[in-house]
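Colleague: here is the input, now give the coordinates:
(chains A, B and C)
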Amino acid sequence: MSTDTKTTSLTDSQQEAVEHKNGPLLVLAGPGSGKTTVVTRRIANLIASGVPPWQILALTFTNKAAQEMRNRVFTLLEQDSLHAQGLTVSTFHAFCARVLRDWGERVIGTTTFTIYDSADQRSAVKAAIKACNLNDSNWRPASVLAAISNAKNKLIDVDTFEKEASDFYTKSIAKMYRTYDDILRSNDAVDFDDLLLQTARLLERDGEARQHLEDRYQYVMIDEYQDTNHTQFVIANKIAANHRNICVVGDPDQSVYAWRGADISNILDFEEHYGEGTVIPLGRNFRSTGHLVKVAATLIEHNKQRKEKKLFTELEDGNEPTIVTLENEHEEAESIVREVTRLQNEGVLLKEMSVLYRVNALSRVLEDTFRKAGIPHVVARGTAFYDRKEIKQAISYLRLLVNPKDDVAFVRVINTPTRGIGSTSISRLEHLALSHGMSLLGASSKVSKEQGFTARAANAMKKFSETFRQWQIDGRSEESLTAASSLADLVERVVRESGLEEFYSTGSGEDDLERLQNLGELVSAATEFEERFEAENEDSSPYTPLHLLFAFLENVALVSDADAVDPENGAVTLMTLHASKGLEFDFIAIAGLEEGLLPHERAKHDDSQMEEERRLCYVGITRARKHLFLTHAKRRTQRGVSNRTMQSRFIQEMTGVSITKSPAIEPWDVPDVVPEESGDQTVTVGSLVRHKRFGLGKVQRIIRRTRGSTITIEFRGGVKHLVLEYAKLELVSPDHNNSVEF
DNA sequence: AACTGTAAACTTTTT
DNA sequence: GTTTACAGTT
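Modeller: Numbers count the residues shown, from 1 in each chain, chains lettered A, B, ... in the order given. A predicted model of the protein is given here:
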């Protein structure tokens, strides 16, 4: 809630939570109950009552949540002209990364580790499966990884896992778990789960580290406590073991991450864990109008494994939620776009509207429809930029620069762009590195023809390692310490001297120009990061470019989709239900309320998973302040095939409260928001057409078939042969001979 | 070694 | 409908 100031009045329970100082405290905060207000005011209150800010640790799940909390505490404190110097507000993962930067030597043997993303994890686990001589068609990387991740979330390290393994399956996993971890260790790398697991192990095993951290953080706060896993519980619990000043905030009804190892008993058993703890329920909803609160409450009451909790509001009844049945996903998207337009005319701002869905795959049709209608929109995908091929390549160069032991990064870049080093040369190098106990980059400087390398490969490898040596020397140089943009300079230099820039500027590929621009954007991102970093660390000693690069890469590794939600831009936000947790909008549309989608197919045969789906729906509904628009389509095309659907059981469960069911839209009722591009338009030889990716082009030739007609078009970047039905061409100027229908 | 085209798997949700 | 893996070709 943006209206938060020190003078806003609080309810008695809110007040009690804010003033609670010592001892364990659980705040059971229903949706819209002013949770963030309570947490931020409590922090401000602690500081005002004399607690030094650096003794306070507040943990969240996303960077965005951390940032918002930090900002609001700062705002509160400024009015009292106090300082928040040293206050730690961070995500669990970023906090653990920082702890391991200080103490990592004792658990993982290094403090300068690289954080592996899911693609890196995949490479590592594939290597592990191979090293264990197991068949990788029986052992799919994804499921092995899931098993390992599961163990790590439950604080089961390799040794423990091995001891407990009894059957063939578990023993095989144990073997791969060990090999996988060995690979990570020899590469000086950790995965996401390791950040938590290794921190927990540190706290359990190392008295000195534990002492240091519990002395430093006298007050611990955890947001979204229902989403913590066992490992996170142990981390918080160890830090707070002695002073017991732990305050957790959460709502069991909003627990939607059990699939990722979140352990709901953490919040349910809080009172058992901390005998004399205080529990404060916040049930009054300040966010949503009456009808919406009622629908949400009615739905969640269908969950059986649930602590009964009253959810109520004193706001007016407001609008009734609308449920609409549509023929297919295109009509669905159109109906949402129309509703957005209608509300926009009523004065609701686009940035106060959001469209939610169960799976990312649903975003495509919605996106297309919004684009065609010309309505500003953003898809919340913070990770998308860093998933791009060219960005991954550049990042791999940078990672190898700060961590020469990162063999996964080495393999990714040694021959991109191509330098005449193929798979045989690489496996030869791998053997060489293994027998000398060296990293691949280290070994690459030592190759010679005598070891069986071709002259071309040997020279290319030597040149490659020499480039890195030079970057390292310059990255450590004291000279650039005072330079205003040392990090951006370094990134730019790596992009250039790695050959990536040249590769994409001279390449013949159609999206090369875009890729080149993205590389430019990476440099801008580095500049931005550098400015922010320096503003936040003003009084620290100057950093070398390599130090900055280290921090930049850590930042890149820990971005999430939810971080991309920017309330400042005037656009409708499209995102998954999961990503919407913790946010609120005037208008919420939820698409795809169908069996198999919401609830998802995989939850159908498991009661507790089904309840999680219901909670997910509940989370979505409770994001809305004033308008709720629920849709389902009778047919939906997924993976290229159209299927009949059944409406979600959740729709039935919500009836009994006021709901407006709009009839399906009749064909003649479809407004002109979405002009069909094809229709009766024709493309002919000589026509000017526009293609989404290739741009403008001239039609040279058309080969007609009943299905799959091919069309030859001359674009600026070259001649292309496309299948007419799929090309999604836009006619720019028609020509009237030899016409062909779309 | 590098490039090209086709088969197959894929989709739940994410730090 | 998209991405990745692999096989075949130059």
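
Colleague: tally of neighbours for residue A:238?
Modeller: Neighbour count of residue A:238, defined by other CB atoms under 10 Å: 18. For the C-beta atoms, the positions are set from N, CA and C on the backbone; glycine is no exception.

Colleague: what's the helix or strand it falls within packed up against?
Modeller: Residue A:238 is part of helix A:230-239, with elements assigned from DSSP states H and E. Counting by 3 or more CB pairs under 8 Å, 6 or more residues apart in numbering; DSSP states H and E, the packing neighbours recorded for helix A:230-239 are helix A:92-103, helix A:141-153, helix A:192-205, helix A:207-216, strand A:219-222, strand A:246-250, helix A:265-268.

Colleague: ok, 7 Å please
Modeller: helix A:141-153, helix A:192-205, helix A:207-216, strand A:219-222 (3 or more CB pairs under 7 Å, 6 or more residues apart in numbering; DSSP states H and E).

Colleague: return the alpha-carbon coordinates of that helix using CSV.
Modeller: Extracted C-alpha coordinates of helix A:230-239, given in CSV (Å, rounded to 0.1, in the frame of the first residue of the first chain):
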residue,chain,number,x,y,z
HIS,A,230,13.9,-26.9,5.9
THR,A,231,17.4,-25.7,5.1
GLN,A,232,16.2,-22.1,5.3
PHE,A,233,14.6,-22.9,8.6
VAL,A,234,17.8,-24.2,10.0
ILE,A,235,19.7,-21.1,8.9
ALA,A,236,17.3,-18.7,10.6
ASN,A,237,17.0,-21.0,13.6
LYS,A,238,20.8,-21.2,14.1
ILE,A,239,21.3,-17.5,13.9
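
Colleague: list of residues touching that helix?
Modeller: When contacts are defined by CB atoms under 7 Å, 6 or more residues apart in numbering, helix A:230-239 is touched by residues A:92, A:152-155, A:196-197, A:199-200, A:203-204, A:210, A:213-214, A:217, A:220, A:222, A:246, A:263, A:266.

Colleague: likewise stretch A:416-430?
Modeller: Applying CB under 7 Å, 6+ apart, the set of residues contacting stretch A:416-430 from outside is A:393, A:411, A:414-415, A:440, A:443-444, A:447, A:452-453, A:456-457, A:460-461, A:464, A:499-500, A:503.

Colleague: quick one: it near DNA strand B?
Modeller: Yes. Stretch A:416-430 is in contact with DNA strand B by CB under 7 Å from any atom of the strand, via A:418-425.

Colleague: which of these are buried?
Modeller: Buried members of the residues of stretch A:416-430 next to DNA strand B, scored by 16 or more other CB atoms under 10 Å, are A:419, A:421, A:425.

Colleague: just give me the neighbour total for the closest residue to DNA strand C within chain A.
Modeller: In chain A, the residue found nearest to DNA strand C is residue A:640; the distance is 3.2 Å by CB to the nearest atom of the strand. When neighbours are defined as other CB under 10 Å, residue A:640 has 5 of them.

Colleague: quick one: it from residue A:360, how far?
Modeller: Distance, residue A:640 to residue A:360, using CB to CB, to the nearest Å: 16 Å.

Colleague: can you check residue A:501 too?
Modeller: From residue A:501 to residue A:360 the distance is 31 Å (CB to CB).

Colleague: okay, those two: which has more neighbours?
Modeller: Higher neighbour count among residue A:501 and residue A:360: residue A:501, with 19 against 15, using other CB under 10 Å.

Colleague: can you tell me which residues contact the more buried one?
Modeller: Going by CB under 7 Å, 6+ apart, residue A:501 touches A:495, A:519.

Colleague: relative to DNA strand B, how far out is the residue nearest to residue A:242 when sequence neighbours are not counted?
Modeller: With sequence-adjacent residues excluded and distances taken as CB to CB, 6 or more residues apart in numbering, residue A:242 is closest to residue A:214, at 5.6 Å. According to CB to the nearest atom of the strand, to the nearest Å, residue A:214 stands 23 Å off from DNA strand B.

Colleague: residues contacting residue A:214?
Modeller: So residue A:214 contacts A:239, A:241-243 (CB under 7 Å, 6+ apart).

Colleague: now a ChimeraX select for only the buried ones of those.
Modeller: To isolate the buried members of those in ChimeraX, using 16+ other CB under 10 Å:
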select /A:239,243
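
Colleague: tally of neighbours for residue A:602?
Modeller: By other CB under 10 Å, the residues close to residue A:602 number 11.

Colleague: give me phi/psi at residue A:572?
Modeller: When quoted as degrees, to the nearest 10, the phi and psi of residue A:572 stand at phi -70, psi 140.

Colleague: just give the nearest non-adjacent residue to it, would you?
Modeller: Counting by CB to CB, 6+ apart, the residue nearest residue A:572 is residue A:377, at 4.3 Å.

Colleague: who's in contact with that neighbour?
Modeller: A:370, A:571-572, A:574.

Colleague: tell me how far it lies from residue A:385.
Modeller: From residue A:377 to residue A:385 the distance is 17 Å (CB to CB).

Colleague: same check, this time on residue A:564
Modeller: 9 Å.

Colleague: these two: which has the busier surroundings?
Modeller: The residue with more neighbours, out of residue A:564 and residue A:385, is residue A:564; 19 against 15, by other CB under 10 Å.

Colleague: next, give phi and psi for the residue nearest to residue A:47 when sequence neighbours are not counted.
Modeller: In space, and not counting its chain neighbours, residue A:47 is closest to residue A:53: 5.4 Å by CB to CB, 6+ apart. Backbone torsions of residue A:53, given as degrees, to the nearest 10, read phi -60, psi -30.

Colleague: distance of residue A:53 relative to residue A:241?
Modeller: Going from residue A:53 to residue A:241 by CB to CB gives 22 Å.

Colleague: with residue A:476 instead?
Modeller: Relative to residue A:241, and taking CB to CB, residue A:476 is found at 40 Å.

Colleague: of all of chain A, which residue lies closest to DNA strand B?
Modeller: residue A:422 (1.6 Å).

Colleague: quick revisit: ranking the helices and strands packed on helix A:230-239 by burial, who's on top?
Modeller: Sort the helices and strands packed on helix A:230-239 by mean neighbour count, taking mean count of other CB atoms under 10 Å, and strand A:219-222 sits at the top with a mean of 24.

Colleague: which elements pack onto that one?
Modeller: Against strand A:219-222 (3+ CB pairs under 7 Å, 6+ apart) you get strand A:56-60, helix A:230-239, strand A:246-250.

Colleague: next, count neighbours for residue A:376.
Modeller: Neighbourhood size, residue A:376 [other CB under 10 Å]: 12.

Colleague: my guess is it meets residue A:353, correct?
Modeller: No. Residue A:376 lies out of contact with residue A:353 (CB atoms under 7 Å); the separation is 10.5 Å.

Colleague: can you list residues touching both of the two?
Modeller: Joint contacts of residue A:376 and residue A:353 (CB under 7 Å, 6+ apart) are residue A:572.

Colleague: what helix or strand is the closest residue in space to residue A:142 that isn't next to it in sequence on?
Modeller: Once flanking residues are discounted, residue A:142 sits nearest to residue A:122: 7.8 Å by CB to CB, 6+ apart. Residue A:122 is located in helix A:118-131, with elements delineated by DSSP H and E.

Colleague: ok, and does that helix reach over to DNA strand C?
Modeller: No. Helix A:118-131 does not reach DNA strand C (CB under 7 Å from any atom of the strand); its nearest approach is 7.5 Å.

Colleague: name the helices or strands packed onto that helix?
Modeller: Against helix A:118-131 (3+ CB pairs under 7 Å, 6+ apart) you get helix A:141-153, helix A:168-186, helix A:407-413.
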